[in-house]
Every structure is written in C-alpha cells, then in structure tokens.
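>>> sequence-free structure coming up:
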Ligand code: DLZ
C-alpha cells in the first residue's frame, strides 16, 4: 500500500502575528513567467497574514546564482527581519543546472548559518517548465504562499529567542 505525505507551512503550529515584521524578497528575472507568479503568491500571503506591504522590499536580480549575493547584502543593509529568495532553475541539456542548484543551495545555507536573519529558500529546482507551472499557481498550488508562511514563522522564531 502506498502512502502519501504532504506538508504545508500552514499546518501544525499557529501562525504568529506578523503585523510588525519587515521582509525582503529577492526575485530572479530568469524564468520570470514562473518567478512573477511566485512573487504574487508570496505578497498575497504576507498581506493576508497582516504584513503591511510597505514593510516588504522587493528586489530583482538576473538569475538564481545572483540570489546569494543579493540576499547577503539585503541581510546587511536592507533593514529587514527576514528574506525570501524566489528563483526557478529548469534542467537543460548541460550540467549547468546542477552547478547552479548546488551553488545557490550552499550559498543560502551559509548565509543562514552565519547571518542574523532567516533566509527562506524559495528556489524551484525542476526538470520541466510544466513542473514549475504546477508549483507556481497550478495544480500543486503556489509555493510562494508556503515560503511566506515559513518566513513569518522563522522571524517569530528569531524574535522569541531575542526577547
Ligand atoms: C545560465 C543559467 C541557466 C542555464 N539556467 C538558469 C535557470 O534555469 N534559472 C536561473 O535562475 N538562472 C539560470 N541561469 C543564470 C544563472 O543563474 C546566472 O544568472 C548566470 O550564470 C550569471 O551568474
């Protein structure tokens, strides 16, 4: 018998009060038909959870590899409590996919480990454009909403420790 497991960030613990939180969102221009939808989902969910949109700084970068530098600079100078990176890497015919995915994963992990604010990993790594569409408002929902909820929970985590 097969079993299915699913997780969304709105299951489990209650969603914290986000009305005072400030977020940075860094979005790629690469695959922008997908990342624009992820951004839409992220902003909609932040707003639905009470984050004033004036508290959200949105920045664009060329591709996913640039998300590392952009997130680390925003963490230093952006006056935000948490960051969400949004990108989409689609596997092509060359190993480039693997290098970018690995680079971004390691880069964002390092910022999280070394930095003071949480950086949420909103990078779709997919084999086809169709798989990306399914996760950006399609059959599997909009992952941007999940990234927004995760960001709120992680800022709350940091704030509770700092009290
Ligand atoms: C070069 C490249 C390729 C082949 N594929 C993608 C992709 O699927 N998604 C994405 O966000 N960016 C891609 N890039 C661009 C790189 O992330 C980066 O912008 C360049 O290598 C310049 O640093």
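Great, that's in hand. Computed from a predicted model, the values in this text were never measured in an experiment. Numbering: from 1, shown residues only.
>>> make it CA atoms for all contacts and neighbour counts henceforth
Will do.
>>> Stretch 34-53: which residues count as buried?
Neighbour counts using 16 or more other C-alpha atoms under 10 Å place 34-39, 41-47, 49, 51-52 of stretch 34-53 among the buried residues.
>>> Now, these that are in helices?
When DSSP state H defines the helices, the subset of those inside them is 34-39, 41-47.
>>> is it possible to export the residues you listed to CSV including distance to residue 80 and pLDDT?
Formatted as CSV, those follow (distance: C-alpha to C-alpha, whole Å; pLDDT from 0 to 100):
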residue, distance to residue 80, pLDDT
34, 25, 98
35, 21, 98
36, 21, 98
37, 22, 98
38, 20, 98
39, 17, 98
41, 19, 98
42, 16, 98
43, 15, 98
44, 18, 98
45, 17, 98
46, 14, 98
47, 16, 98
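>>> Adding distance to the ligand, write the residues you listed out as CSV.
Below are these laid out as CSV (distance: C-alpha to the nearest ligand atom, whole Å):
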residue, distance to the ligand
34, 10
35, 9
36, 12
37, 14
38, 13
39, 14
41, 18
42, 18
43, 20
44, 22
45, 23
46, 23
47, 26
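>>> Around the ligand, pick out the residues from the protein.
With C-alpha under 6 Å from any ligand atom as the criterion, the chain meets the ligand at residues 28, 30, 62-66, 87-90, 96.
>>> ok, and the most crowded of the residues you listed?
residue 87 (30 neighbours; other C-alpha atoms under 10 Å).
>>> Just list the residues touching it, thanks.
Residue 87 makes contact with 27-28, 30-31, 35, 63-64, 67, 122-124 under the criterion C-alpha atoms under 8 Å, 6 or more residues apart in numbering.
>>> what do you get for residue 133?
Applying C-alpha under 8 Å, 6+ apart, we find residue 133 in contact with residue 34.
>>> separation between it and residue 19?
Separation of residue 133 from residue 19 (C-alpha to C-alpha, to the nearest Å): 30 Å.
>>> Quick check: chain neighbours aside, which residue is closest to the residue minimising distance to the centre of the chain?
Centroid-nearest residue in the chain, with C-alpha atoms, centre = their mean: residue 122, separated by 3.0 Å. Nearest non-adjacent residue to residue 122, counting by C-alpha to C-alpha, 6 or more residues apart in numbering: residue 86, 4.6 Å away.
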